[in-house]
Each structure stands twice: as structure tokens, then as C-alpha cells.
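Trainee: Got a predicted structure here, sequence first:
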2 protein chains.
Amino acid sequence: MARHSILDTLNDSLRKDTLEGLQAMRFPPGQVLFSAGEHCRGLPLVLAGSIKVQMTGVSGHSIVLYRMGADDICTLSIGCLMTGRGYRAEAIVEDEAEAAIIPRGLFDRLMDQSAEFRLGIMESYGRRLDDLMLLVEEVAFHRMDERLEEWLQARAAGGQNVLNITHQELAVELGTAREVVSRLLKELERRGQVRLARGRVELTGLLKTASLA
Amino acid sequence: MARHSILDTLNDSLRKDTLEGLQAMRFPPGQVLFSAGEHCRGLPLVLAGSIKVQMTGVSGHSIVLYRMGADDICTLSIGCLMTGRGYRAEAIVEDEAEAAIIPRGLFDRLMDQSAEFRLGIMESYGRRLDDLMLLVEEVAFHRMDERLEEWLQARAAGGQNVLNITHQELAVELGTAREVVSRLLKELERRGQVRLARGRVELTGLLKTASLA
DNA sequence: CGGGTTCAGTGATAAAGTCACACAGGCAAA
DNA sequence: TTTGCCTGTGTGACTTTATCACTGAACCCG
């Protein structure tokens, strides 16, 4: 956990002020950091854990846009803070997270006085932009069965072979309907690639034999 | 054309340096500012005109991600400049554009010395993020016929009732296949809402009678 | 005017989204 | 323990969108 933090780059005086000015907090999984329409109350800087950001369309359907991890600044919040408009998406803690809320004034000072901090912000923005561009491409052009398999595969790569997740939650991850996920999973089960139970997907056979990278 | 530029916010000395350091250029419609894979050679600051940014998926299909207009900094270029990676998308001039290329050094100086410039950058980033989030929602959850009608409507709102555009280009705007656009347009023509000709869509009847805002 | 190139139209079929409803598992109150 | 109830899952029927494989029309240019 001795991760290199963006705050380590600050010089001593600035660092001292910063550490005084912000309040690190822990958030349990499931906690909602902010939801759509709400107004911004400071800039979350994620120190550890994982937070997913998802939005709900006028249709009532939701989709996960991206995830924030250690050293990410919530770029969405910057926008809301600047423009004064409400959030367009919501943020939900996934893995127990630690985050510091940076007040507006401190943010402005850091931007003014630390080139490294600025760089960190730009990097966060860059990642978000990249994530979203990739997502657009995925949603617009990729087949659902492949996306589902890839998603499961990616999760499994983290060592987990048994995922505790409902079809509905998977549907939100992929931005599709629950029925579609159900059918695709059923098909995978028929092929012996997964085993299904209520709220559980166990990966058995290797999916995506075509990973010939 | 006496638009308020982000450069106007700089103090005299900085402004002088800036105007010396950058080279404003004109670009004709169709000109490619950068394409996928290419490396960044400076930060375009759009002064006038309109530039569309689109990406091509592995599938070979393309989709327009967003447009840059006056006072927009190309946020994509910032990312490429910072990370040294190539562009993931391409930028094509739509309406004759004027843009200044800001060299890396000058950008760093401006970021360091002008809070207003920083604010401008953040705003550009915020807009892009917003555009992309909206696009994801559109692509994931909206029906193609509605999206097409809305797109045409939005264009027509600019005073133009005759659009010189091919079905293929429309398909890229919406991130779908040419055939789909052809069929939907044909249906609109049957209903008397548009008149079609090679490379041309004329809006006749009012589309989207359901604009009961 | 012929011949090539770019655009547009269309049928057949597969994939994905929508709607409606049946049923199963787990939990808690009766 | 049984009875509901709520949440999660399975599925049929149908619509919309994507894909593939063509055909033919409009335009450009030698």
C-alpha cells in the first residue's frame, strides 16, 4: 500500500498546508459519493479503493462509464465545481475506498503553485477521456457476447473465478438489458464456460479462446 | 467575429509572449489536422470555425465523438503531448477554421502563470467529458430513428434546410451502418418529412412533432 | 459516349432490445 | 413450518438494428 501519491510531489510548505486542509475519509462498498442532479461539495481525491461512475439515461437504463482508482481526481467534480451545474452521473464505492475531499480554495492554490499537481490533474482528465472514447467505440461497434466475455475475463484475471453479481448489475456494466445478459450467460453455460447460480457467475472453461495476442 | 478569446484574459506581458510564440493558421474544410496513431506536434487552440473529432474502431467503423469550436483547446492533444502516445482519433476541419498551434513550452508557461488560462483548459476538458458522456448514453440507449431525426433537426435549426451530406457520412455521425441510414431516410421520405437526392437531404415536413418541451 | 467511381436501395439473415409474464430462491412474518 | 413476498432468473414473441451480398443509379472525366 506504499503507493506513490500525487501529494508526495508537493514541496514541504505546500504539502503541510494541503494535509491540514483536507480530510481523508473511508467509504464502505455500496456508499454513494454523489448522485445525478446533486451539487458538488468539494473535489474527491481517491487515495485507495475503487469507485465506479455510472449514469442513467432518460430511458431509465444505466451504464457504467468508468472507474476511479488510487490517485485519481474526480474530474466530473471539477467540472461541476467550475460551472456550478449538478452532476450528470453518480459515483458508487465498489471496493472499500479512502478519499480526501479537497476544498475549492486549496485546489486553486495547488493548481497555481504546483506543476506536478497540474500534471496529475491533466493525467486524470486524459484517462477519463480515453476511457470514454474507448467505451463509445465498445458500445457502438462491439458485439454483446464478446463484451460480456471480455468483462468476465477481465474480472477473473484479478484472481477471482467466482463473481458475486446479478444479471441486472452486469447489464448496467455493459449498458444493455437484463434479459440480454441472461440469455448470453445461459448460452455460455450451455457451452460449459460458466456455471450459474442466483447472484453468482462462476467461470469454469476458458472463455475467449481467441486471445491470440 | 469580435469573439472574446481566452487569450484576451492574459496580462500584457504574457499576452505579448504568447502572440509571439504562436502561429495562427487557416485550414480549409476537409483538412485533416491529425489522424489516429500520429504523434502530437503542439496544442491546437481553435480560434474560429468547426472541427470534428472522430475515431475508427477495430471493426473499421467510425463515429464522430465531438466537435471543437472557437476557444476550444484540443484536449486530446494535451493528453498525447503529456503521455507521448499517439492519437486515438482523428480531427477533420468542417467549417473553414482558424487555429493557433501552442508549443509545449508556452503551454506550460501559460498553465503556470495564468489562472484564467487554466480555467479555460478546465472548461474545455469539462465540455469534452460532458459531450462524451452524453454520446455514450445516446449510443447505448436511444433508437436510431430518433437519433437521426434529432441530428437532422439540429442541423436544420442552423437555418439550413438542405443538407449536403451522404448517407455514409450520416452513418459516421451516428455510429451506425450506411444501410441503416438509407433505410431510415427512405422511411422519412415515404412519410413526406424529407426529400432525398444523391448527396443531399432536404428537410420538408416538420420532423419530431413530439418536441413538446 | 463509354467506363469507372461513388452513392443509394434492398432482400435475407443474425444479433440485440423490448414487452410480458412464469417461475425459483431466500427471507421473514404469521 | 408454512405462507407470502421480494428479488432474481428464464423464455417466448416481436421489433429494431446490424451485417452481408448484391443491384442499379448518378456523376465525373477522358
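Mentor: Cool, got the structure.
Trainee: so what's A:Leu174 closest to, chain neighbours aside?
Mentor: A:Arg147 (5.5 Å; CB to CB, 6 or more residues apart in numbering or on different chains). Using the backbone N, CA and C atoms, a C-beta is placed for each residue, glycine as well.
Trainee: same check, this time on A:Glu173
Mentor: Distances taken as CB to CB, 6+ apart put A:Val64 closest to A:Glu173, at 5.1 Å, once the chain neighbours are dropped.
Trainee: Name the surrounding residues that touch whichever strand or helix holds the one you found.
Mentor: Using DSSP states H and E, A:Val64 sits within strand A:62-68. Strand A:62-68 is contacted from outside by A:46, A:50-57, A:74, A:89, A:91, A:94, A:127-128, A:131-132, A:135, A:139, A:172-175, B:133, B:136-137, B:140-141, using CB atoms under 8 Å, 6 or more residues apart in numbering or on different chains.
Trainee: Mind telling me which residue is nearest the centre of chain A?
Mentor: The residue lying closest to the centre of chain A (CA atoms, centre = their mean) is A:Arg67, at 1.2 Å.
Trainee: What's the per-residue pLDDT of it here?
Mentor: A:Arg67 carries a pLDDT value of 97.
Trainee: bridging residues for it?
Mentor: On the basis of DSSP bridges, A:Arg67 is bridged to A:Lys52.
Trainee: Could you check how far it is from B:Lys186?
Mentor: For A:Arg67, the distance to B:Lys186 equals 42 Å [CB to CB, to the nearest Å].
Trainee: can you give me the angle the helix ranked longest in chain A makes with strand A:62-68?
Mentor: Scanning chain A for the longest helix, with DSSP state H as the assignment, gives helix A:115-141. In terms of direction (axes from the mean of the first three to the mean of the last three CA atoms, to 10 degrees), helix A:115-141 departs from strand A:62-68 by 150 degrees.
Trainee: elements contacting helix A:115-141?
Mentor: In terms of contacts (3 or more CB pairs under 8 Å, 6 or more residues apart in numbering or on different chains; DSSP states H and E), helix A:115-141 is packed against strand A:62-68, helix A:75-83, helix A:104-113, strand B:43-56, strand B:62-68, helix B:75-83, helix B:104-113, helix B:115-141.
Trainee: how about these in TSV, adding distance to DNA strand D?
Mentor: Shown next, in TSV, are the helices and strands packed on helix A:115-141 (distance: least, CB to the nearest atom of the strand, whole Å):
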stretch	distance to DNA strand D
strand A:62-68	13
helix A:75-83	27
helix A:104-113	38
strand B:43-56	13
strand B:62-68	10
helix B:75-83	24
helix B:104-113	38
helix B:115-141	8
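Trainee: Backbone dihedrals for the residue nearest to A:Leu174, please?
Mentor: phi -60, psi -40 (degrees, to the nearest 10).
Trainee: Number of residues surrounding the residue nearest to A:Glu173?
Mentor: Close neighbours of A:Val64, defined as other CB atoms under 10 Å in any protein chain shown, add up to 20.
Trainee: So which of the contacts of strand A:62-68 reach DNA strand C?
Mentor: The residues of those that also fall near DNA strand C, by CB under 7 Å from any atom of the strand, are A:Gly175, B:Phe141.
Trainee: Quick check: the gap between the closest residue to A:Gly42 other than its chain neighbours and chain B.
Mentor: Of all residues not flanking A:Gly42 in the chain, A:Ile101 sits nearest, at 4.0 Å (CB to CB, 6+ apart). According to CB to the nearest CB, to the nearest Å, A:Ile101 stands 18 Å off from chain B.
Trainee: can you list the domains in chain A?
Mentor: Domain assignment for chain A, taken from automatic domain parsing, gives A:6-140, A:142-203.
Trainee: wait, does the last one make contact with DNA strand D?
Mentor: Put plainly, it is domain A:142-203. Yes - Domain A:142-203 lies within reach of DNA strand D by CB under 7 Å from any atom of the strand, at A:166-168, A:178-179, A:182-183, A:185-186, A:196, A:198-200.
Trainee: Around chain B, pick out the residues from chain A.
Mentor: Contact residues (CB under 8 Å from any CB of the partner chain) of chain A with chain B: A:55, A:57-59, A:61, A:63, A:65, A:75-76, A:78-79, A:82-83, A:88-89, A:108, A:111-112, A:115, A:118-119, A:122-123, A:125-126, A:128-130, A:132-137, A:139-142, A:175-176.
Trainee: So among these, which ones count as buried?
Mentor: Using 16 or more other CB atoms under 10 Å in any protein chain shown as the burial test, these include A:55, A:57, A:61, A:63, A:65, A:75-76, A:78-79, A:88-89, A:111, A:118, A:122-123, A:125-126, A:128-130, A:132-133, A:135-137, A:139-141, A:175-176 as buried.
Trainee: Please look at the residue nearest to A:Leu174 and A:Ala171 and confirm they touch.
Mentor: No - if you go by CB atoms under 8 Å, A:Arg147 and A:Ala171 don't touch, sitting 11.3 Å apart.
Trainee: okay, those two: which has more neighbours?
Mentor: Higher neighbour count among A:Arg147 and A:Ala171: A:Ala171, with 20 against 17, using other CB under 10 Å.
Trainee: Is that one located within a strand, as I assumed?
Mentor: No - A:Ala171 is assigned helix when assessed by DSSP: H, G, I helix; E, B strand; the rest coil, not a strand.
Trainee: ok, now which ones touch it?
Mentor: If you count contacts by CB under 8 Å, 6+ apart, A:Ala171 has them with A:Ala177, A:Arg178, A:Val180, A:Val181.
Trainee: Could you say which of the residues you listed is surrounded by the most neighbours?
Mentor: With neighbours taken as other CB under 10 Å, the top of the contacts of A:Ala171 is A:Val181, carrying 23 neighbours.
Trainee: Work out for me the element that one sits within.
Mentor: Assigned by DSSP H and E, A:Val181 falls in helix A:178-190.
Trainee: and that helix, anywhere near DNA strand C?
Mentor: Yes - shown here: helix A:178-190 in contact with DNA strand C (CB under 7 Å from any atom of the strand) through A:Glu179, A:Val180, A:Leu184.
Trainee: could I get that helix in PDB with only the CA atoms?
Mentor: Extracted in PDB, the C-alpha atoms of helix A:178-190 (Å, rounded to 0.1, in the frame of the first residue of the first chain):
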ATOM      1  CA  ARG A 178     -31.000  -7.700 -18.200                       C
ATOM      2  CA  GLU A 179     -32.700 -10.200 -20.500                       C
ATOM      3  CA  VAL A 180     -29.900  -9.900 -23.000                       C
ATOM      4  CA  VAL A 181     -27.300 -10.800 -20.300                       C
ATOM      5  CA  SER A 182     -29.400 -13.700 -19.000                       C
ATOM      6  CA  ARG A 183     -29.600 -15.200 -22.500                       C
ATOM      7  CA  LEU A 184     -26.000 -14.700 -23.200                       C
ATOM      8  CA  LEU A 185     -24.900 -16.200 -19.900                       C
ATOM      9  CA  LYS A 186     -27.300 -19.200 -20.400                       C
ATOM     10  CA  GLU A 187     -25.600 -19.800 -23.800                       C
ATOM     11  CA  LEU A 188     -22.200 -19.700 -22.100                       C
ATOM     12  CA  GLU A 189     -23.400 -22.200 -19.500                       C
ATOM     13  CA  ARG A 190     -24.600 -24.500 -22.300                       C
END
